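**Student:** sequence-free structure coming up:
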Ligand SMILES: [Zn+2]
């Protein structure tokens, strides 16, 4: 993936950076944490507060499963005190990336979650990687982040633990009332139909049934068979709305909506935050915006079928 010359340059840079950090050890330093994608970066910032600089390798809006790291990404990560990634086969580029980084401490932040299996396609039976979309799992991620930060920066452990528990309380306060909104919808309408099968954990949290065009972004785009299967299910169950995600081509979902006459509910966010100032600059915003979008689209879809 990387040429000898690029790797040599990165190693030279690392040596240079190490000598700088030895020189700066006497001052109260912020630790540097690199995460694989923007959602983990936000969660880590919430827990770290003022004690860390946090950088995401993939940018807002990027496709994260099959990402191709650049030499600049290696440079960005090589002086990190900690690298945080999701695991569960989310970042298919991570093993090779970690090999190039040598012995930087890295943490698979999904450790300890209860995985939901993918139910179709070549990944059937494997864990669905999008575990952060469920509230209980998000709490486990946050605890794991607090533990990982405390391990490399024990002086600030109390700070990390306090931030983590305040963050978890804030998320629960925001998200739990939204579940009641979804529960108030008619049962037959509680379907979450999306492009990627990335919403198993959110659907389970919200008491919704799940249907998707393709199981995992890394290797599938909607085949005619996948489109047909979703259209058949929509007609069979009288499903009122379909959604797609911000990081992929929404055309197949819009095609399904126009072919079935159901409401196209717009984009949901799962694999990436938006830029600062966009609709979902934080994980908290991401869940709130998603659930509100789902609720409003299903209401519109139901109104549409009633008027026909
Ligand atoms: Zn995904």
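**Tutor:** Cool, got the structure. What you are looking at is a predicted structure, and each value in this text was computed from that prediction instead of being measured.

**Student:** out of everything not next to it in sequence, what's closest to residue 226?
**Tutor:** Here the nearest residue to residue 226 in space, its sequence neighbours aside, is residue 213; by C-beta to C-beta, 6 or more residues apart in numbering that works out to 5.2 Å. Backbone N, C-alpha and C define where each C-beta goes, glycine included.

**Student:** Now the stretch 51-200 of the chain against the ion: closest residue?
**Tutor:** Nearest residue of the stretch 51-200 of the chain to the ion, counting by C-beta to the ion: residue 198, 4.3 Å away.

**Student:** secondary structure class for that residue?
**Tutor:** coil (DSSP: H, G, I helix; E, B strand; the rest coil).

**Student:** thinking it is in contact with residue 131, fair?
**Tutor:** No. The pair residue 198 / residue 131 is not scored as a contact, 10.5 Å apart, by C-beta atoms under 8 Å.

**Student:** Let me see the ranges of the strands in this protein.
**Tutor:** Assigned by DSSP state E, the strands in the chain fall at 31-35, 52-56, 82-85, 106-108, 191-196, 209-214, 241-245, 263-268.

**Student:** So what's the residue count around residue 51?
**Tutor:** Neighbours of residue 51 under the rule other C-beta atoms under 10 Å: 18.

**Student:** Can you give me the pLDDT of it?
**Tutor:** Confidence at residue 51, expressed as pLDDT, is 97.

**Student:** Residue 305 touches residue 238, doesn't it?
**Tutor:** Yes. If you go by C-beta under 8 Å, residue 305 and residue 238 touch, sitting 7.3 Å apart.

**Student:** The ion contacts on the stretch 101-250 of the chain?
**Tutor:** The stretch 101-250 of the chain has residues 198, 217 near the ion, with proximity defined as C-beta under 5 Å from the ion.

**Student:** in the stretch 101-250 of the chain, which ranges drop under the pLDDT threshold?
**Tutor:** Low-confidence segments of the stretch 101-250 of the chain, defined by pLDDT under 70: 218-220.

**Student:** where along it do the helices fall?
**Tutor:** With DSSP state H, counting those that start in this stretch as the criterion, the stretch 101-250 of the chain has helices at 135-152, 157-183, 200-206, 224-237.

**Student:** list the helices and strands the third one packs on?
**Tutor:** By that I understand helix 200-206. helix 135-152, helix 157-183, strand 191-196, strand 209-214, helix 283-307 (3 or more C-beta pairs under 8 Å, 6 or more residues apart in numbering; DSSP states H and E).

**Student:** Go through these and pick out the most buried.
**Tutor:** strand 191-196 (a mean of 26; mean count of other C-beta atoms under 10 Å).

**Student:** which residues sit against that strand?
**Tutor:** The contact list for strand 191-196 (C-beta atoms under 8 Å, 6 or more residues apart in numbering) reads 199, 202-203, 206, 208-217, 222, 230, 233-234, 237, 239-245, 248, 250, 252-253, 268, 270-271, 294.

**Student:** same deal with stretch 279-288?
**Tutor:** Applying C-beta under 8 Å, 6+ apart, the set of residues contacting stretch 279-288 is 39, 42-43, 46, 132-133, 135, 138, 170-171, 174-175, 178, 202, 269-270, 273-275, 289.
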